[in-house]
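[1] Sequence isn't available, so here's the structure alone:
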């Protein structure tokens with residue numbers, strides 16, 4: 001039975017290869033090969049562009065913050081009084097932005113843990129940033145916000161783009177606090 005399936009799959013692959021290489025040139029399905037010097041020059045300019053890490057550092061400076069490096073190699077900067085961490089590497093167009101310790105509570109407060117767990121799950125289901133928590137060495141549970149986003153020089157208004165991304169962290173933190181407070185109020189009303 002397996003040989004029949006393999007035979008059918010081989011026939012389909014061979015047929016598609018035959019169609020690909022033997023159809024006439026007027027078919028719009030064939031890949032378009034353009035090898036002009038203009039396209040090659042654009043590609044070489046793209047390769048010579050600034051690295052993602054350097055682009056991140058420049059964008060942070062342009063929004064009025066001073067980037068520093070942590071011991072782990074992350075970029076640390078302050079924006080509107082909040083410390084953010086950014087993970088940006090040279091060969092990846094995406095960066096991770098983290099707001100550590102946006103909320104915390106005692107790990108011995110079971111009711112608060114239940115509230116935060118419910119709100120974090122709701123925010124992750126409908127938000128653009130990821131909210132997560134972790135137990136620390138102290139008696140606190142720390143809640144963090146993280147976002148993974150594209151950072152390339154082709155984005156128009158890169159500073160505004162970074163500011164909007166940072167503002168989404170503030171909205172998420174505000175929503176987190178409001179939803180936790182709503183849960184407390186609902187518990188008191190019961």
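    Cool, got the structure. Nothing here was measured: the structure is a model prediction, and the numbers come from that model.

[2] After the helix or strand bottoming out on mean pLDDT in the chain, heading C-terminal, what element do we hit next?
    Least confident helix or strand of the chain, by mean pLDDT, DSSP states H and E, is helix 37-47 with a mean of 51. Per DSSP states H and E, the first helix or strand lying C-terminal to helix 37-47 is helix 52-62.

[3] And the helices in this protein?
    2-22, 37-47, 52-62, 110-126, 158-189 (DSSP state H).

[4] Now the weakest link among those helices, please, by mean pLDDT.
    Lowest mean pLDDT within the helices of the chain: helix 37-47, a mean of 51.

[5] that older thread, and the helices of the chain: which comes nearest residue 88?
    Closest to residue 88 of the helices of the chain, according to Cβ to Cβ: helix 52-62, at 4.1 Å. C-betas here are computed from N, CA, C, even on glycine.

[6] re earlier: make JSON lines out of the helices of the chain and add mean neighbour count and distance to residue 101.
    Putting those into JSON lines (neighbours: other Cβ atoms under 10 Å; distance: least, Cβ to Cβ, whole Å) gives the following:
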{"stretch": "helix 2-22", "mean neighbour count": "9", "distance to residue 101": "54"}
{"stretch": "helix 37-47", "mean neighbour count": "9", "distance to residue 101": "38"}
{"stretch": "helix 52-62", "mean neighbour count": "18", "distance to residue 101": "20"}
{"stretch": "helix 110-126", "mean neighbour count": "14", "distance to residue 101": "13"}
{"stretch": "helix 158-189", "mean neighbour count": "15", "distance to residue 101": "11"}
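
[7] Output these in TSV; the columns should cover distance to residue 96.
    TSV is the format used below for these (distance: least, Cβ to Cβ, whole Å):
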stretch	distance to residue 96
helix 2-22	40
helix 37-47	23
helix 52-62	10
helix 110-126	16
helix 158-189	11
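
[8] Pop the domain breakdown of this structure in here.
    Here the domain parsing of the chain from automatic domain parsing is 2-46, 50-189.

[9] Let me see the contact set for the residue nearest the centre of the chain.
    Centroid-nearest residue in the chain, with Cα atoms, centre = their mean: residue 148, separated by 1.2 Å. Residues in contact with residue 148 (Cβ atoms under 8 Å, 6 or more residues apart in numbering) are 94, 95, 96, 97, 130.

[10] Equivalent analysis for residue 113, please.
    Going by Cβ under 8 Å, 6+ apart, residue 113 touches 105, 107, 141.

[11] could you redo the last one with a cut-off of 10 Å?
    Residue 113 makes contacts with 105, 106, 107, 133, 141, as judged by Cβ atoms under 10 Å, 6 or more residues apart in numbering.

[12] what bridges to the last one?
    The bridge-partner assignment for residue 141, based on DSSP bridges, gives residue 105, residue 135.

[13] For the nearest residue to residue 143 once chain neighbours are set aside, give me the pLDDT.
    Excluding the flanking residues, the one nearest residue 143 by Cβ to Cβ, 6 or more residues apart in numbering is residue 103, at 3.9 Å. Per-residue pLDDT puts residue 103 at 94.
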